[in-house]
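Q: mind folding the following:
(5 chains, ligands or ions: 4)
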Amino acid sequence: MEFDFGPVITYFPTLLKGLGVGSLVAIVVAFMSVVGGLVVAVISVYINKVLSWPLRFFIWLFMTTPLLLQLYFLYFGLGEWILIPAILVGILGLGFHYMAYNADIFIATIKSVSDGQYEASRSLGFGHGATIFYIIVPQAFIRAIPQLGNNMILMVKDTSVLSAIGVAEVVYASQYAISVTFRPFEFFIVIALLYYVINIFMELGQAWLERQTAYRR
Amino acid sequence: RELDEIRGDVFQVVNSGAYPPFSFVDTQGNLVGFDVDIAEALAEKMGVEVNVQSSPWNGIIAAMVGGRFDACICSMSDTEERRQAVDFSDPYYSAGLSVWVQGSTDDINSIDDFAGKTVGSTLGETGNQWAVENGEGKWRNQTFQGLPSMMNGLTTGRIDLMIADDVPVLVAMQENAPDIKMVDVGELPRWPAAISIQKNKPELLKALNTALAEIKADGTYQAIVDKWIGEGANIE
Amino acid sequence: MDFNLMVEVTPLLLKAAWVTIDVSARSMFFGFFVACGLVFLQSFRFAPIRWFARGYISVVRGTPYFVQLLLVFYGGPSIGFRLDPITCGIFVGAFNIGAYMSEAIRGSIESVDNGQTEAARSVGFGKVQTMVSIILPQAAALMIRSVGVLAIVLVKNSSLVSIISVVELTYQSQRLIGSTYKPLEIFTLSALMYIVIVYAVMGIIELAYRRATRYTTQ
Amino acid sequence: MSTEHQTDTPMVEIRNVHKRFGDLEVLKGIDLTVNRGKIVSIIGPSGSGKSTLLRSVNHLEVIDQGEILLDGVRVNRPDMNGLIFERHINHIRQNMGMVFQHFNLFPHLSTIDNVTLGPRKLKGMDKHIARELGMELLDRVGLAEKAAVFPNHLSGGQKQRVAIARALAMQPKVMLFDEATSALDPELVEEVNRVMRGLAEEHMTMLIVTHEMTFARDVSDWAMFMDEGVVVEECTPEKLFSNPDQERTCHFLRKHLGDNH
Amino acid sequence: MSTEHQTDTPMVEIRNVHKRFGDLEVLKGIDLTVNRGKIVSIIGPSGSGKSTLLRSVNHLEVIDQGEILLDGVRVNRPDMNGLIFERHINHIRQNMGMVFQHFNLFPHLSTIDNVTLGPRKLKGMDKHIARELGMELLDRVGLAEKAAVFPNHLSGGQKQRVAIARALAMQPKVMLFDEATSALDPELVEEVNRVMRGLAEEHMTMLIVTHEMTFARDVSDWAMFMDEGVVVEECTPEKLFSNPDQERTCHFLRKHLGDNH
Ligand SMILES: Nc1ncnc2c1ncn2[C@@H]1O[C@H](COP(=O)(O)OP(=O)(O)OP(=O)(O)O)[C@@H](O)[C@H]1O
Ligand SMILES: Nc1ncnc2c1ncn2[C@@H]1O[C@H](COP(=O)(O)OP(=O)(O)OP(=O)(O)O)[C@@H](O)[C@H]1O
Ligand SMILES: [Mg+2]
Ligand SMILES: [Mg+2]
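A: Numbers count the residues shown, from 1 in each chain, chains lettered A, B, ... in the order given. Ligands and ions are numbered 1, 2, ... in the order given. Predicted coordinates for the structure are as follows:
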């Protein structure tokens, strides 16, 4: 097999555009899944037993089915009643998927903050809510950083699955280019490289963040 | 692989499996369709054992270039760019692009009317390439993975119109009767559909072309057309 | 909902679900050996061997799974490496999950308090014996948890092997939708099947976990 | 809250307090009065209910019977519920400083923030003023130069001193100490005791649970010996440690002083 | 290993031992001899290198210079490497029992299995015989009835006693104790001390690092005071605790005895 990276260069701007779309989705999803996961976790640990059951069901549902299927479901399945644009479906699907995973982590780290912390805060006169907000959540968050980082790294790779519902991220962009140029391997190699570089930066970022917070644990 | 290698083994043929009536899975789980029957007929003429499989579009191209399968009999259009990477047999049918809209739409009568609309096409089809190359700055393109999702997109209003090979849509309409109609927007390009194989396999290419000519000559071809496309249809 | 259709396609989907289970289970099985190998390589004193293992893990974890599948399955034959789709799915799956698993295994081994090693060594146990009799039994609980999560990820990611023409649950669903035009019915069915599979995996993990932690909860 | 009360109201009053955990009755009717500016030590064997009693004063344990008053105001209010009680108890707790055996500093906050979080968020104190107050308190416990350090970088003794400063920052009426030094290396005990002696000199009202007999004897105005959930005897520390009335007290002290001397 | 040596060979000899962690020299040439059947206590301030010294004897720390002998056999062997050294050191360690501050019991094994794992796996002792030996040892530390219990269900004092039984099960020539009681609640110290006194009566050779001055004085034949990686002085415990030669020792003891008495 001979390689010819000429077509890759021709279509590189398209790939970059795809990368931009993918990054946008990833950033929104990261924000949504971390904040959402935290909210879900706090609710299910602290606030309301009744409310926590549907939330647990939600986590369970998103954790037990493949992302691809969830995306199809939101896009085509729900499409019979309500039309959600592909990119929004992608954000919601990925967002909920990782929200479930993150919630799971936060539940564990919230529980790992010792009762002593709760009591110390209460004995200063902080209320239940204030204790959760000022004492428990920040500590749970710091403890969750390593695992959250891993999840976000996985999530970035999963943005490639969005090509299945037509979100114009980088894999999607390459699919078009491949179907025109018939140069699949060249594009796959370049895409793998792009992901790898992004991944390295994310890992560096994660390590930095862990170092920055290590002394606060 | 070359022909002599295939003779000692099995002729591996691939299609997308999601492109009725050319290749699809019936509710019994069998891979059937026009392309499948053609593959079997050709194999019989060539005197080789055949195994027809399906693979998503991405895989098909990679398979052809990398030599994973021996031939793609999958309604693939024969274009100049693709010839850089694979070899094509003589055409085995000719597909025509057609434009489809919802039953109630009446403002699309020419390509100029596409302006500002969302145009759907399916990944890997030449219609997709045409739409992307010509649509720059005029209309929005949306690519689907397969006709079913595109038709779903059209009926639910995700797209305003779709460009697709006509036969599959016509067949799908017989099955499902969705509220869509074909509109005439003037001349659209036509590409012949051909069998693609790896480059530089002259023996295999020759055998395929010979077999193709034979099934056309002895009526096998027309029987397959009658079975899948419609009685007496002419798609050459 | 078209229930007749759902009944009609259930056997087909079940067959595809079996492929999903088969590919995942065997990837997991072989992946475990890959993981152990990687953990072992990382304990070498000779640095280049360690670098190799680290590099391998980094690349596998840093690139999308489906690109790995495509490169091996379709690119393989041109260097004389030709596997049938299912074998290839298992092969790539094992080498992919193995990289993740090796990190999980290493993490759980490292999570055992260093005092345990010291106590065992001070009794006179050798390195290997300490690992086998003292560290691994204690690491087992955490290992089961984190490897278990990977098993679930693997089941779900097995939907990606469709790209190399393995007809597993997701791909079969797509193909059936292609001929029936009934996404809702078919997706509901296959989602249910995934839930059952994943639930079964979770059950197994939970049982194994309970067994491994008997001594802390007695 | 305090101004309206006469200065002879006891600071803490514990009246007939009962507490059970499941089948186990841990406090079987405890009475104790801590007068303003006085220091009361509670000693007793492990499991006798000392911590439970102290935690009950802070309402970290909900007592089953009896009542507890802080400066004449009742702490436990079975008649109140939900948010009303929540407000009541948060207010009460601001007037009590609690120091735990395991410090329970907030690891995500620097030393100074540990100390000032309460005043800032609960009393709405201005950031700069809170900081000044915090620095003053850290200085008082000898840790002014550690203001920016995080708890994990402190030794046990330093942690406990910060915990005391944190409690003092709320300007409590009474300080509760639950074995404040028993998780510390022997070397570090003295630095914490020194801070506690300082508080004593400033006439802070204190209720101290401790295993350190010598310190209890030196510092307190009143001592109470508990066993199995009842008050065995209470008197001045001089008497309790040298000439107790009860055989149980004797036995306990003999064992304890015997070990340490 | 032992029969060939004369009974006047010291059990442990530490000769000019140096150890550094990075830039920090923790042991600066330590010499110490522990004779057969004798008990030597090491005291000194936190960070002075006591633990490091004890761990070096067991080769848990690899010393940089000097040598350590157990019953005349050299422990550290920079000349050996790889598997040969591994065999050597495993053999040596079987002759030393080490007791850690934090017990380090194996949580996945029951009490009796903790004790018998060594004899069974390392000496190939028959299961039943090992069990008998284990029960005997557990009985000796007063825990025969806890044989089937897992460590998580034991109190700290009980854990430490099991750890001692575990070490004794290998029939060591010398026992090393690194602050065996300093992680324990004051109540529980005595039960461990009692076991250690029992060993002393049976003339077990012991090297003890401790912060408990009274216990050190009572139990040991020889005492050594370390500070900043050097031996400040060593003599009989009577002399060291009542009338030390060095000012540093005095200062340390004053601080320590002062606190506890
Ligand atoms: N949350 C709880 N649930 C059940 N039992 C408890 C709880 N807290 C304490 N106990 C039990 O109550 C009894 C008294 O405990 P408490 O902690 O008050 O004793 P203490 O006198 O402080 O002992 P120590 O000196 O060891 O701290 C003990 O038997 C203990 O096991
Ligand atoms: N693994 C290590 N790496 C770096 N420094 C170490 C290590 N172990 C010990 N040290 C340092 O060596 C010095 C001596 O430590 P060591 O534990 O021997 O003291 P110690 O006398 O046992 O003190 P303590 O009474 O607190 O147990 C300390 O300054 C300590 O910080
Ligand atoms: Mg207590
Ligand atoms: Mg030490």
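Q: residue of chain B nearest chain E, please.
A: With Cβ to the nearest Cβ, the shortest gap between chain B and chain E falls at B:G66, namely 47.0 Å. Heads up, the C-betas are built off the backbone N, CA and C, glycines and all.
Q: these two touch, right, that residue and C:P77?
A: Yes - counting by Cβ atoms under 8 Å, B:G66 touches C:P77, with 5.6 Å between them.
Q: of the two, who's got more company?
A: When B:G66 and C:P77 are compared for neighbours, B:G66 comes out ahead with 23 against 18, by other Cβ atoms under 10 Å in any protein chain shown.
Q: give me the pLDDT value at that one.
A: pLDDT for B:G66: 78.
Q: what's the closest non-adjacent residue to the residue of chain B closest to chain E?
A: Sequence neighbours aside, C:Y74 is the residue nearest to B:G66 in space, at 3.9 Å (criterion: Cβ to Cβ, 6 or more residues apart in numbering or on different chains).
Q: the helices in chain B, which residues?
A: Taking DSSP state H, the helices of chain B run over residues B:3-8, B:34-46, B:57-66, B:80-83, B:126-135, B:147-156, B:166-176, B:202-217, B:220-228.
Q: list the contacts for residue 86?
A: Here I'm looking at chain A. Shown in contact with A:A86 (Cβ atoms under 8 Å, 6 or more residues apart in numbering or on different chains): A:75, A:162, A:165-167, B:142, B:158.
Q: actually chain D
A: A:127-128.
Q: how about C:V201: what's its closest non-neighbour residue?
A: C:A151 (5.2 Å).
Q: roughly how far apart are that neighbour and chain A?
A: 12 Å (Cβ to the nearest Cβ, to the nearest Å).
Q: how close does that residue get to C:F29?
A: 10 Å (Cβ to Cβ, to the nearest Å).
Q: for these two, work out which one has more neighbours and name it.
A: Using other Cβ under 10 Å as the criterion, C:A151 and C:F29 rank with C:A151 on top: 22 against 11.
Q: backbone phi and psi for that one, please?
A: Backbone torsions of C:A151, given as degrees, to the nearest 10, read phi -60, psi -40.
Q: B:G47 too?
A: Taking degrees, to the nearest 10 as the convention, B:G47 sits at phi 70, psi 40.
Q: got it, and C:A200?
A: phi -60, psi -40.
Q: and stretch D:45-53, anywhere near ligand 1?
A: Yes - between stretch D:45-53 and ligand 1, judged by Cβ under 6 Å from any ligand atom, the touching residues are D:46-52.
Q: buried subset of those?
A: D:48-52 (16 or more other Cβ atoms under 10 Å in any protein chain shown).
Q: below-threshold pLDDT in chain A: ranges please.
A: Applying pLDDT under 70 to chain A flags residues A:1, A:48-49, A:79-80.
Q: what does it put close to chain C?
A: Residues of chain A found near chain C (Cβ under 8 Å from any Cβ of the partner chain) are A:1, A:61, A:63-69, A:72-73, A:76-77, A:79-80, A:153, A:157, A:160-161, A:171, A:184-185, A:188-189, A:191-192, A:195-196, A:199-200, A:203.
Q: buried members of those residues into ChimeraX, please.
A: Of the residues of chain A next to chain C, the buried ones can be selected in ChimeraX as follows, counting by 16+ other Cβ under 10 Å:
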select /A:63,64,65,66,67,68,69,72,73,76,77,79,153,157,160,161,171,184,185,188,189,191,192,195,196,199,203
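Q: circling back: sort out for me which of the contacts of A:A86 are in strands.
A: B:Q142 (DSSP state E).
Q: I'd like the next helix or strand past whatever helix or strand A:I107 lives in.
A: Taking DSSP states H and E as the criterion, A:I107 maps to helix A:86-112. Elements were assigned by DSSP H and E; along the chain past helix A:86-112, the next helix or strand is helix A:115-124.
Q: can you map out the helices along chain A?
A: A:6-10, A:12-42, A:49-64, A:67-72, A:86-112, A:115-124, A:128-131, A:137-158, A:170-181, A:184-214.
Q: enumerate the positions of the third one that are buried.
A: By that I understand helix A:49-64. Buried-residue list, helix A:49-64, by 16+ other Cβ under 10 Å: A:52, A:55, A:58-60, A:62-64.
Q: so which strand or helix has the nearest residue to D:E61 once chain neighbours are set aside?
A: Leaving out its chain neighbours, the residue that sits closest to D:E61 by Cβ to Cβ, 6+ apart is D:R55, at 4.5 Å. Using DSSP H and E, D:R55 sits within helix D:50-57.
Q: next one: D:L60
A: Per DSSP H and E, there is no helix or strand for D:L60.
Q: in contact with it, which residues are there?
A: A:119, A:122-123, D:98.
Q: mind checking the backbone torsions on the residue of chain B found nearest chain A?
A: Residue of chain B nearest chain A, by Cβ to the nearest Cβ: B:A85 (3.5 Å). Per-residue torsions, B:A85: phi -110, psi -30 (degrees, to the nearest 10).
Q: pretty sure it contacts A:S179?
A: No - between B:A85 and A:S179 there is no contact under Cβ under 8 Å: 11.1 Å.
Q: more neighbours, the two?
A: A:S179 (24 against 19).
Q: spit out the contact partners of A:I87.
A: A:21, A:25, A:167.
Q: isn't the first one up against A:G166?
A: Spelled out, that is A:V21. No - the criterion here is Cβ under 8 Å, and A:V21 misses it with A:G166 at 11.3 Å.
Q: the two: who's more crowded?
A: Neighbour totals were compared for A:V21 and A:G166, and A:G166 leads with 25 against 20 (other Cβ under 10 Å).
Q: still on that earlier bit, please report how far the residue nearest to B:G66 lies from E:N243.
A: Counting by Cβ to Cβ - C:Y74 and E:N243 are separated by 87 Å.
Q: from chain A, how far out is D:F241?
A: D:F241 is 30 Å from chain A, by Cβ to the nearest Cβ.
Q: try D:G47
A: For D:G47, the distance to chain A - Cβ to the nearest Cβ - is 19 Å.
Q: in the stretch 1-150 of chain D, what residue comes closest to chain B?
A: For the stretch 1-150 of chain D, Cβ to the nearest Cβ, closest residue to chain B: D:H108, 46.8 Å.
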